[in-house]
Each structure stands twice: as C-alpha cells, then as structure tokens.
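Asks: Show me the folded form of this:
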Amino acid sequence: MKKTLDYQTYYDRILGGWIGKSLGGIIGAPYECHKQFNKADYNNLWPKQLYPNDDLDIQVVWLEALQEIGIAPTSRQLAEFWQERCFYTCCEYGIFIDNLEHGIYPPLTGTWDNEFFISSEGCPIRSEIWGFIAPNNPALAMKYAYNDGTLDHGMLSVELEQFLSVAASEAFFANDPVELFDRVCELVPENNAGKILYYGVRELCEKYEDEYELWLNIVRKYGDADGTKALINNAFAMMALFRGGNDFKEIMRLCIQIGWDVDCSCATAGALWGALHGSKAFPQEFTDKMGKTLICACDIKHKYTALTDFAAETAAIGIEVAQILNPEIEITNAPAVTIRPLPAPAFNASYAYENDEPVLWTKKTNTVTITVNNPFDRTFDGEIFFDIPSHIKADKNTAKIKIAANSSAAVSLTVILNEKEEFIPEFNLINFSMQENGQTVFEDKFGFHGATQWDVYGPYWDMWDKELYAICPYQNDEFNCNPGNIPEVSCDATSCHIRTKFKYLDEAALLEKDLPAELPFSVEKGNNRYKRSDLYSFNGPQCCYLVREFKSNERIEDVRFIFNASCPFECYLDGKLIQFRDNHNAGAVYRKIENITLTGEKHRLVVKLTSRIPDFKFSVAFCKGNPSRTRAYSPYLSNYSTKKGR
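Replies: So this is what the prediction gives:
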C-alpha cells in the first residue's frame, strides 16, 4: 500500500541511520573478531582510537555509484564501479575482484573459489543504503541488495542483506526494533535466511534471561570459528536490538560483550536503531567525540563529507527513485532534485559456464554459453566474432546469431588448452564482437581461470607402528596372522601408521627432478584449494608428495607465497625449504614467509604432506600488495603459467 513520508522525517531518519552506523563501527572496532564473552559496562564503550570501517565505506562508494551510474545499476556495473573506486580486497572482496579481473561476472564472482567466505558478513553489513533509497518498497530494496550481495557472496549472505535492506526500508514507519523485525518478517519470502534467523534468535532471547547463558546458546546454534560468518554476527545484532530496545548504550554494550565481528554487529544494530529514532536520539557524549564528518579509508570524493550532507545526498537519490522506480511512496515537502532518464536500451550479455566452473582445462573441454539480450524493437541478424588467444583451442571463431526483438538468444563456445602448449596460463580472456551488416553493435569479454596442476606421489603409509616395533608383529619370520588376532595391534586391521619425518622416497632427488619409478600421476582442479579426496580416495594416516612447475610472465619481486594446510607439511621452492608446519591445524591458518622473487624462468615447487588423521586440506596462493587506495586490484597473482600434468 502506498504511503506518504514527510521529507524532514525521511532525511532525519537517514541521518540517524548513518550516525548509528558510524558510531557502531567506531565502538565495536577494538573488539573485532574477539571470539569470547567480554563482560562489558557503559564505562568502556568508547575506544581510545577511531578507525574507518568498511561497513560504511562501501556504502559511501555505492552512493557515488548511484550518483554517477544512475538509480538502476546492474550487478556488473556495481562490480566495475567497486573496481574503479574501492580498494578493499581482503577476504571475499579479494576473491570477487580476482574473478572480475579474469572476466567472470556476478553472480559467479560471489561463489566461484569462495567456499570459505561464501556465507560471510561482507554484504549484510552494507545493506542500509538500499532500504534508505527505497522506503516502503521491500521488493525494490531486495532487488538492489541482490545486485550488491551477489558480487562477493552466496545466497545465505545475500538473503541476510535483503532482510536488513527491508528493515531499513521499513524503519521510517516504525519506532521499536521488535515492531520493525516483525513487520519485515511479513514482507520477505517465507524461506528468507534473515527471517528464519530472527525467529530463532527471538526464541532464544525469550528462553534465556541470563546474558552469558543466552550468549552461549546463540554460539551453540549459530557459532563458527570464523569471526566473520554472517549467521552468528547477525544473530548477535538481532539479539542486541531485541534485548536493548530503545537504549542505544545498552545495545552497544551487548554487542561488545558477545564478540565475533563486533564492529559489524554494532554498526548494523546502530544503523537500524538510528533509522528508528532519528539523529537527535544518540548520547551527545558519543556524537561530540565522533565529529561531524565521514572518515573513509577509500580515497573517494566523499572521504570527509559531513554526515548531514551524506544523508541529504542519500535522500536525494531516494526522491529520484520515488519518481521513477518506487510508486509505493510519496515523499512530501521534498526539495527539487534532478530526475535523470533511465539508461538507454543496449545489447548486453550473460555467461554460463559448464558446471558453473569458469576454468580452462588441459584434459577436458569447457563450454560457455553466451546469452545476448536484444532490448530493441527489431530483430538482430548477424554474427559473433571471437578473438581466441593462440594457447586456447576453440570449436569456432565465428557464429551466426539471430535475436528476435525484445528477446534473447544464445551461442556456445567450447574451449580447451591447445595440446601443443606445455604450460597453462592462469589468466585467459576472450574478447568478442557482434556485427550486423559489417557494423559492430556490441563488444564484450569473458574469461577463465587456468586449471591448477599437481603431480602426485603416493599415498605412502606404514602398515604397523615402526616407531614402536622394529619388525612387524604380525608378518615376520615366525608367523603371519591377521593383526586383529593380536590385542596390542588389533587396530592395524582397520587403520595404518605414518612417520612425519620419515623420507618415503628420495626427497633430495625429487626437489630437482621427477621420479617416474614412483609412478606419479597428475590431477587438475579449477582452483588452488584441495582436499584429500581431490587427489585420491585413500583414506587414513598417510604421506604424499606434490610437485608443480610454473613460471611468471616476467620478473616479479615481493611476491607473498602462502601455502596453507591442515596437517604437517614441508614446502620447498627450487630446493629451498620456505614453509613448514609440524602439527595438525583444522583451521588451516596461513603461515606467511618472507617475500619471494619470481624470475620469469621455471620454478619447481615440492610439497610433502603427512597426516595422522584421515582427511586433510591444503591451498597455495601467490599474493601481491594493493598499490592503490583509489581502486581495487586482485590480491592474487595471475601473470604466471603452470606446467600441465603428465
């Protein structure tokens, strides 16, 4: 049902939301990723130092996108605007930017090679702007949030962002957090992750009065060792709003006390509280200490903009949206704003990879389907011309394509690494143009990651515990029997043993050359994150050796090489031990080393993995620094090639 909203209320609620977002980020920052119960009181809320916060910074970038691109940006436009203006590339942000640089577009940028961060907090924390510019229009707020969230996340995080965007959209018409969330639950789909989470958190809040007991049961239900996971952090923000009600200090205290991604839970709760109560409701001691301007880490136009101006500019976009895209609201007594026309129709394309794997393989083909949309009132009848790099073998260079008016049509392209190539590049981009009657009407590009390659030696294991017994207790000169018949070693019937320091092959030789007598085999995978099952099915204590040869396209200094494994490992580059771990670590925390130099010549990487438990996982990355605070560059090196497997 259409509603009216007085401009002064609209502006003041937006300003309250941005003040709350800023204060929450400031108050929570010192406790970010502290995964424990931190008993807090009102005396230790304000920090000693103030930090910028990506929760707000990215939304400032989105305001500039709305001002420069227009009020109907696509996911790809948002992605490319981020690339040009927002330097954040940690965690899921970096994986998204890396995919984008490879010619991979949303929503695949948010899911491909993003298993660890796919359900993290990075998109729910930037939800408010979409609700603020779409008051009383949950469908529109959710559409904006989807276009944003799919840049770098899967659907759980996207749905949480959508839930929070609807909360921001409805906050102009509510005065209490519980009233607000109950209303949001009526408006979002039945299976929305935020709705399900809210009902679960509310039930726990009503069941457990004691703060520690409530905290512990939220951790039991939604907890994760990763401090940035979206479910637990939004559970905490909802709990603080539910318990804290109309008391801002109490909400901040509860958020600090419960830990995890505290700056995010504080900022989310603070933004919604501010949108409910307006700009004058905050403790003056906090607003005086904070100051009156944004302090963004990104070098953007609004880096030090006054919060009042930021709110007014957000409201101006909302007024424009109300005139063009949002018939559900009438903003009364609003100042005049420029109403820009929606973008002119243009051809556009989407890309679907076989099995959703944007990978150039050496041993199998990959088919990408290019769907071109024709928004015009006449049929297009022409050709697509593909510019295929010489190292890629494709099933075609050109294709006829006929697209009916206001419709779409698809063309497929099947590719594989050219069999003559010894190395497979990590970066693989294909440009194409669409022509009609000799005139180019549309150009675009898409790409692939190069499949990762390992030569695998093993598995190796000990049949009996050779650190305890010099000879096998059940296969020796005196007798042979089932180990299950000997109580002391009966477990050997169902398991095996491993010595972590034992050399199961000629390790010194392997550092320099292949050992064909060991019968190695090769595996390839779409990314650099492996599990034991990606190598083979053998399940138990074991040792294996991995070999990869690669070369950079040029000399590159200050490369951060990171090998990461959940089991003991030794990692050698060109014969030199550069990383190791001597214990199991289920979290598989990165071990960092001194920067290395890639010479442009061939390098040899050898890894020894020894696991006493059945499963293990490992990954490898070549990382580089971000040279700019004005745009985003992938944190991962891509200008190198890997020798294809045997």
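
Asks: For the rest of this, base every contact and every neighbour count on C-alpha atoms.
Replies: Fine.

Asks: State the distance from the most centrally placed residue in the chain to residue 49.
Replies: Centroid-nearest residue in the chain, with C-alpha atoms, centre = their mean: residue 92, separated by 2.5 Å. To residue 49, residue 92 is 26 Å away according to C-alpha to C-alpha, to the nearest Å.

Asks: cool, and residue 143?
Replies: Counting by C-alpha to C-alpha, the gap from residue 143 to residue 49 is 37 Å.

Asks: Kindly report the same for residue 549.
Replies: 47 Å.

Asks: When these two are compared, which one has more neighbours?
Replies: residue 549 (20 against 9; other C-alpha atoms under 10 Å).

Asks: how about that one, what does it touch?
Replies: 602-605, 642-643 (C-alpha atoms under 8 Å, 6 or more residues apart in numbering).

Asks: what do you get for residue 642?
Replies: Neighbour list for residue 642: 423-426, 452-453, 548-551 [criterion: C-alpha under 8 Å, 6+ apart].

Asks: And the nearest residue to residue 363 once chain neighbours are set aside, which helix or strand is it part of?
Replies: Leaving aside its chain neighbours, residue 363 sits nearest to residue 416 (7.7 Å; criterion: C-alpha to C-alpha, 6 or more residues apart in numbering). Using DSSP states H and E, residue 416 falls within strand 407-417.

Asks: List the neighbouring strands of that strand plus their orientation.
Replies: strand 366-374 (antiparallel), strand 392-394 (antiparallel) (DSSP bridges).

Asks: Is there a neighbour count for residue 613? I'd like the number.
Replies: For residue 613, the tally of surrounding residues (other C-alpha under 10 Å) stands at 14.

Asks: any weak-confidence spans in this structure?
Replies: Residues of the chain meeting the criterion pLDDT under 70: 586-594.

Asks: Let me see the domain layout of it.
Replies: As given by automatic domain parsing, the domain ranges for the chain are 3-332, 348-450, 453-461+498-643.

Asks: Strands of the stretch 151-300 of the chain, start to end?
Replies: Taking DSSP state E, counting those that start in this stretch as the criterion, the stretch 151-300 of the chain contains no strands.

Asks: All the helices of it, residue numbers only.
Replies: Along the stretch 151-300 of the chain, counting by DSSP state H, counting those that start in this stretch, helices occupy 155-170, 177-187, 193-207, 211-222, 230-244, 248-258, 262-277, 284-290.

Asks: helices and strands around the second one, which ones?
Replies: Other elements packing on helix 177-187 under the criterion 3 or more C-alpha pairs under 8 Å, 6 or more residues apart in numbering; DSSP states H and E are helix 155-170, helix 193-207, helix 230-244, helix 262-277.

Asks: contacting residues around it?
Replies: With C-alpha under 8 Å, 6+ apart, helix 177-187 has contacts from 138, 163, 166-167, 170-171, 174, 195, 198, 241-242, 245-246, 272-273, 276.

Asks: neighbours of residue 494, just the number please.
Replies: Quick note: residue 494 (other C-alpha under 10 Å) scores 9 neighbours.

Asks: er, residue 519 I mean
Replies: There are 10 residues near residue 519, going by other C-alpha under 10 Å.

Asks: Please identify the residue most distant from the middle of the chain.
Replies: Distance-from-mean max, the chain, by C-alpha atoms, centre = their mean: residue 478 at 60.0 Å.

Asks: how near is that one to residue 170?
Replies: 82 Å.

Asks: got a list of what the nearest residue to residue 433 once chain neighbours are set aside touches?
Replies: Distances taken as C-alpha to C-alpha, 6+ apart place residue 443 nearest to residue 433, at 4.3 Å, with adjacent residues excluded. By C-alpha under 8 Å, 6+ apart, the residues touching residue 443 are 431-434.

Asks: So in terms of bridging, what pairs with the nearest residue to residue 307 once chain neighbours are set aside?
Replies: Excluding its sequence neighbours, the residue lying closest to residue 307 (C-alpha to C-alpha, 6+ apart) is residue 293, at 5.1 Å. Taking DSSP bridges as the rule, residue 293 bridges to residue 306.

Asks: Quick check, residue 293 in contact with residue 311.
Replies: No. Residue 293 is beyond contact range of residue 311, at 11.1 Å (criterion: C-alpha atoms under 8 Å).

Asks: So for those two, which sits in the more crowded spot?
Replies: Higher neighbour count among residue 293 and residue 311: residue 311, with 21 against 17, using other C-alpha under 10 Å.

Asks: That one touches residue 10, doesn't it?
Replies: No. With contacts counted by C-alpha under 8 Å, residue 311 stays clear of residue 10, the gap being 9.6 Å.

Asks: Pull the distance from the helix or strand encompassing the residue nearest to residue 433 to the chain's centre.
Replies: If you go by DSSP H and E, residue 443 is part of strand 439-450. Computed by C-alpha atoms, centre = their mean, to the nearest Å, the separation of strand 439-450 from the middle of its chain amounts to 24 Å.

Asks: Can you give me the buried ones in that strand?
Replies: Within strand 439-450, the residues scored as buried using 16 or more other C-alpha atoms under 10 Å are 442, 445-450.

Asks: Can I get those residues in a markdown table including distance to residue 559?
Replies: Output for these, formatted as a markdown table (distance: C-alpha to C-alpha, whole Å):
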| residue | distance to residue 559 |
| --- | --- |
| 442 | 38 |
| 445 | 28 |
| 446 | 27 |
| 447 | 24 |
| 448 | 23 |
| 449 | 19 |
| 450 | 19 |
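
Asks: if you skip the residues just before and after it, what's nearest to residue 65?
Replies: residue 81 (6.6 Å).

Asks: show me the contacts for the spatially closest residue to residue 150 that is not a sequence neighbour.
Replies: Leaving aside its sequence neighbours, residue 150 sits nearest to residue 107 (C-alpha to C-alpha, 6+ apart; 4.9 Å). Applying C-alpha under 8 Å, 6+ apart to residue 107 gives the contacts 75, 150-152.

Asks: Among these, find me the one that's closest to residue 301.
Replies: Closest to residue 301 out of the contacts of residue 107 is residue 75 (22.0 Å), distances taken as C-alpha to C-alpha.

Asks: can you tell me how far that closest one sits from residue 644?
Replies: Distance, residue 75 to residue 644, using C-alpha to C-alpha: 35 Å.

Asks: more neighbours, the two?
Replies: residue 644 (26 against 20).

Asks: Just give the nearest non-adjacent residue to the more buried one, would you?
Replies: Once flanking residues are discounted, residue 644 sits nearest to residue 423: 5.4 Å by C-alpha to C-alpha, 6+ apart.

Asks: Surely the one you found and residue 646 touch.
Replies: No. Residue 423 is beyond contact range of residue 646, at 11.5 Å (criterion: C-alpha under 8 Å).

Asks: The two: which is more packed in?
Replies: residue 423 (22 against 10).

Asks: how about the residue nearest to residue 644, phi and psi?
Replies: Main-chain dihedrals, residue 423, degrees, to the nearest 10: phi -120, psi 150.
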